[in-house]
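>>> Predicted model follows, preceded by the sequence.
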Amino acid sequence: MDLLGIHIPATSPVFLSFLTVHVLAGMTAVVVGAGAALVRHKGRGLHTRFGGMYFGSICVVFATATAMAAMRPREDYHLFLIGAVAFAAALTGRTARRRHWSGDMAHIVGMGGSYVAMLTAFYVDNGPQLPLWDRLPTLAYWLLPAAVGAPLTWRAVRRAQRLRGPATASDRGPQAA
């Protein structure tokens with residue numbers, strides 16, 4: 001079945017229900033994740049609200065990806081694995097903030113890595129059907145999100161370090177004896 005030029009891999013009403021929720025949660029995660037990253041002030045307020053909505057959206061994306069992969073394991077197991085990485089990275093980023101881990105690196109890298117994994121899954125699954133992306137080799141779907149996201153995440157880490165001031169010994173981790 002095709003919908004707006006996108007191939008829908010199954011027509012089962014249960015699969016389509018999960019897919020609908022998955023797509024809506026994925027679109028929400030893209031928008032609020034970008035919003036959380038782009039908000040200038042990273043303290044409580046808009047950044048925290050967007051971050052909470054992003055985490056909730058990623059939870060739904062992972063849950064629905066898990067259900068769809070269970071229905072079509074041979075076709076979707078790789079998407080389940082990428083979803084697990086996105087969820088685990090977001091959980092790490094959220095835990096780092098909630099448990100007040102020293103520094104900002106775990107939070108930024110966790111959330112940034114989650115966003116990159118989510119986009120990777122999208123392009124791996126849909127790239128061959130998207131204008132311009134359909135001209136790229138398959139490897140590009142796997143690598144381009146990280147090629148763009150990794151430098152942006154690193155930049156965010158460096159900015160947070162500059163704003164925080166000089167690192168303390170505990171920020172650098174265990175010291176060699």
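The structure has been received and is ready for your questions.

>>> In space, what's closest to the residue nearest the centre of the chain - neighbours in sequence excluded?
Centroid-nearest residue in the chain: residue 115, 2.3 Å away (criterion: CA atoms, centre = their mean). Leaving aside its chain neighbours, residue 115 sits nearest to residue 33 (4.9 Å; criterion: CB to CB, 6 or more residues apart in numbering). Where you see a C-beta, it was placed from the backbone N, CA and C, and this is true even at glycine.

>>> for that neighbour, what are its contacts?
50, 54, 57, 111, 114-115, 118 (CB atoms under 8 Å, 6 or more residues apart in numbering).

>>> Can you select the buried ones from those residues in ChimeraX?
Per 16 or more other CB atoms under 10 Å, the buried members of the contacts of residue 33 correspond to this ChimeraX selection:
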select :50,54,57,111,114,115,118
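
>>> Residue 101: which of the contacts of residue 33 is nearest?
When those are compared for distance to residue 101 (CB to CB), residue 111 wins out at 13.1 Å.

>>> Okay, strands next: where are they in this protein?
2-3, 6-7 (DSSP state E).

>>> Just the ones of the contacts of residue 33 in helices?
Secondary structure from DSSP state H places 50, 54, 57, 111, 114-115, 118 of the contacts of residue 33 in helices.

>>> Do you know the pLDDT at the residue nearest to the centre of the chain?
As predicted, residue 115 sits at a pLDDT of 97.

>>> so who does it touch?
Residues near residue 115 by CB under 8 Å, 6+ apart: 29, 33, 37, 54, 86, 149.

>>> coming back round to it: dump the ones in helices among the contacts of residue 33 into TSV; add distance to residue 126 as well.
Shown next, in TSV, are the ones in helices among the contacts of residue 33 (distance: CB to CB, whole Å):
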residue	distance to residue 126
50	24
54	20
57	18
111	23
114	19
115	16
118	12
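
>>> out of these, which one sits closest to residue 73?
The nearest member of those to residue 73, counting by CB to CB, is residue 118 at 20.6 Å.

>>> Which residue lies closest in space to the closest one, excluding its sequence neighbours?
residue 86 (4.7 Å).

>>> how many neighbours does that neighbour have?
Neighbour count for residue 86, taken as other CB atoms under 10 Å: 24.

>>> returning to that earlier point: how close does the residue nearest to residue 115 sit to residue 46?
Per CB to CB, to the nearest Å, residue 33 is found 13 Å from residue 46.
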